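Asker: I'll drop the sequence and a predicted model, then ask my questions.
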Amino acid sequence: MNEIGELILQVKGVSKRFGGVQALDNVDFDVRSGEVHALVGENGAGKTTLINILGGIEQRDHGQVLFKGQEVNFQRPTDSLTAGIAIIHQELAVLPQLNVIENVYMGRMPARYGRVLWRVAEQDTRKMLEIVGLNLDPRLLVGQLSISQRQLVEIAKALSMDASLLIMDEPNSSLAESETDRLFEVIDRLKQHGVAIIYVSHKNEEVLRIADRISVLRDGQYRGTQIRGEATVNKIIQMMVGRELRREHGTENRKIGPTRLKVSNLTGTRFRDVSFDISQGEILGFAGLVGAGRSEVARAIFGAETHESGQILFDGEPVQYHSPNDAIRGGLAMVQEDRKTLSLFMGLPVLLNISIAELPNLTRLGMINNRSVVSIAKNYIDKLSIKLGSVNNPVSSLSGGNQQKTILARWLATNPKLLILDEPTHGVDVGAKADIYQLMRYLSEQGISIMLISSELPEILAMSDRVVVMHEGRVTGILDRENLDEHTIMLYATGLATQNGSHTTEPKDPERLSA
């Protein structure tokens, strides 16, 4: 393991206010060369504001920032880049239509006498790609690369600028487990080169795995730093939210009713012969690896995608929804994984984002009943504890967790009988997760059926009454609660075990699991 070096960044008493919101309040923070320093906190804790100040996107109101021993006050992103600070944002800034070389040297291609030195650029790009462990032709278009490869191109770009401090904002939010392992190998390699890394993540388990130190922000204030070996998930969570969080297991307080949804041999482009049922008040989990077809099945049921064959019964009646509007009128609601693209209207106020699905019922003779719109929005803002400045602020001003609650509020306002949740806690903090879990339990107790799609096995295990496991577009198993554990789910998710009626086959190659 490399030796952690001297202080490269010092943040002293930094404060920042946006209108009536104190985003940062007298925050202290430091990073050493060759160190991974994790920055954690709930959405709205001030992490993004601090990152933006370090990246020259925002300017601080008070306090000092020292970089390499010199006080700095970056006025624009190019200032921080020139100094040696690079940020890799959660939403990657690569251009798919350009090749890897052009992305790495975007806006600063080496040139002489007005001519681009392509050979020099290619040689330098190959060196950067080698450092990050990316073995590919740099002349490939970035659009041809996977998400994880694009992320490594971003890191290579930062290194080509001689960045000595790299800020990673939720770097593996869209990565599979194997791709995350590869990212961590790259981070270890960067540490060996003396690069300092600020690592922002909501995933406390991975933070404990990768970070040398972990600093916590809460409500814009610095709450302390834990060092590797002494930190635990519970300690971090208590520092983040000021309380210990518990997940409720079991179904003791709920009664599972008659069958609400029955799907038989549903077949589409990316799934085949899918059969399952959901009862009234049941939380049915859907587990599987990336590409298993879970989201596609949900979208087909909701009328957002077509299917070739099969039958769907809802409350005993055959249905076939040709559009999401049909499904909504039938008593279904769906919170999709990509909330910014598929669910939210980022430029519209929170008020309209909550009420938009109900607007047809709040309109008479072409006139919207504004009093009812405000009443519905405020009712669910209170019920779901959505934190916001004003109902008229754009939904883009909310934190990720509060944006997700806004989507839930919209669909709850339609009084659904079946709620489809596709990765409902993706990219939200532990406090918002706990609120969403509590809401799911409450809704199921009210008789609402929930179809829960999640890539987080602890979430599936904690929340599900039964679990449907899919592999390559097919259902490989439907597991009762007493048979639920991560090992068993992974057997079915990898296709090593399948159910035929009540019979479960033995793993095809058990040694693969221990390899």
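Answerer: Perfect, thanks for sending it.
Asker: how close does the residue of the chain most remote from its centre get to residue 49?
Answerer: Among the residues of the chain, the one whose C-alpha is farthest from the average of all C-alpha positions is residue 113, by Cα atoms, centre = their mean at 46.1 Å. Using Cβ to Cβ, to the nearest Å, we find residue 113 at a distance of 44 Å from residue 49. No exception for glycine: its C-beta is placed from N, CA and C like everyone else's.
Asker: try residue 86
Answerer: Between residue 86 and residue 49 the computed distance is 18 Å (Cβ to Cβ).
Asker: Equivalent analysis for residue 156, please.
Answerer: 28 Å.
Asker: Make sure residue 30 is indeed in a strand.
Answerer: Yes. Counting by DSSP: H, G, I helix; E, B strand; the rest coil, residue 30 is part of a strand.
Asker: residues near the nearest residue to it once chain neighbours are set aside, how many?
Answerer: Distance criterion Cβ to Cβ, 6 or more residues apart in numbering; nearest residue to residue 30, sequence neighbours excluded, is residue 10 at 4.8 Å. When counting by other Cβ atoms under 10 Å, one arrives at 16 neighbours for residue 10.
Asker: Is it correct that residue 10 is in contact with residue 65?
Answerer: Yes. At 7.3 Å, residue 10 counts as touching residue 65 under the criterion of Cβ atoms under 8 Å.
Asker: Helices of the stretch 251-400 of the chain, residue ranges please.
Answerer: Using DSSP state H, counting those that start in this stretch, the helices assigned to the stretch 251-400 of the chain run over residues 294-301, 324-329, 350-355, 370-383, 400-412.
Asker: ok, and for the second one, which residues are buried?
Answerer: If I follow you right, that is helix 324-329. If you call a residue buried by 16 or more other Cβ atoms under 10 Å, then helix 324-329 has these buried ones: 324, 327-328.
Asker: For residue 292, give its distance to residue 385.
Answerer: The span separating residue 292 from residue 385 equals 33 Å under the rule Cβ to Cβ.
Asker: more crowded one of these two?
Answerer: Ranked by neighbour count (other Cβ under 10 Å), residue 292 and residue 385 place residue 292 first, with 25 against 13.
Asker: Quick check: the more buried one touching residue 472?
Answerer: Yes. Applying Cβ under 8 Å as the test, residue 292 and residue 472 come out as touching, 6.7 Å apart.
Asker: Show me what residue 70 bridges to in the sheet.
Answerer: When bridges are taken as DSSP bridges, the partners of residue 70 come out as residue 67.
Asker: what sits against residue 294?
Answerer: Contact partners of residue 294, counting by Cβ atoms under 8 Å, 6 or more residues apart in numbering, are 286-288, 422, 453, 470.
Asker: Can I get those residues in TSV including distance to residue 347?
Answerer: Below are the contacts of residue 294 laid out as TSV (distance: Cβ to Cβ, whole Å):
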residue	distance to residue 347
286	32
287	35
288	34
422	23
453	28
470	36
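Asker: ranking these by neighbours, who comes first?
Answerer: The residue in the contacts of residue 294 with the most neighbours, by other Cβ under 10 Å, is residue 287 (30 neighbours).
Asker: Okay, and the beta partners of it?
Answerer: Taking DSSP bridges, one finds residue 469 as the beta-bridge partners of residue 287.
Asker: okay, it: pLDDT?
Answerer: As summarised for this prediction, residue 287 has a pLDDT of 92.
Asker: go on, residue 436?
Answerer: Spelled out, the predicted local distance difference test score at residue 436 is 85.
Asker: what separates it from residue 335, distance-wise?
Answerer: Shown here: residue 436 relative to residue 335, a distance of 10 Å by Cβ to Cβ.
Asker: next one: residue 284
Answerer: 15 Å.
Asker: Other residues contacting stretch 375-382?
Answerer: Contacts to stretch 375-382, defined as Cβ under 8 Å, 6+ apart, come from residues 350-351, 354-355, 358, 362, 386, 388, 391, 409, 412-413.
Asker: Packing partners of the helix or strand in which residue 240 is found?
Answerer: If you go by DSSP states H and E, residue 240 is part of helix 233-241. Using 3 or more Cβ pairs under 8 Å, 6 or more residues apart in numbering; DSSP states H and E as the contact test, the elements touching helix 233-241 are helix 204-210, strand 213-218, strand 221-227, helix 430-445.
Asker: Compare those and give me the one nearest residue 241.
Answerer: helix 430-445 (4.6 Å; Cβ to Cβ).
Asker: after the closest one, next one along is what?
Answerer: Going C-terminal from helix 430-445, and assigning secondary structure by DSSP H and E, you next hit strand 449-453.
Asker: Can you give me the neighbour number for the residue nearest to residue 12 when sequence neighbours are not counted?
Answerer: Distance criterion Cβ to Cβ, 6+ apart; nearest residue to residue 12, sequence neighbours excluded, is residue 64 at 4.3 Å. Counted with other Cβ under 10 Å, the burial measure for residue 64 works out to 13 neighbours.
Asker: where do the contact lists of residue 436 and residue 335 overlap?
Answerer: Contact criterion Cβ under 8 Å, 6+ apart; residues bridging residue 436 and residue 335 by contacting each: 404, 408, 424.
Asker: and the first one, how many neighbours does it have?
Answerer: By the other Cβ under 10 Å criterion, the neighbourhood of residue 404 contains 29 residues.
Asker: for the last one, same thing?
Answerer: Residue 424 is surrounded by 28 other residues when neighbours are defined as other Cβ under 10 Å.
Asker: is it true that it touches residue 454?
Answerer: Yes. Checked against Cβ under 8 Å, the pair residue 424 and residue 454 is within contact range at 7.4 Å.
Asker: Angles on the backbone of residue 471, please.
Answerer: In this entry, residue 471 is assigned phi and psi values of phi -140, psi 120 (degrees, to the nearest 10).
Asker: Just list the residues touching it, thanks.
Answerer: With Cβ under 8 Å, 6+ apart as the criterion, the residues that contact residue 471 are 288-289, 292, 492-495.
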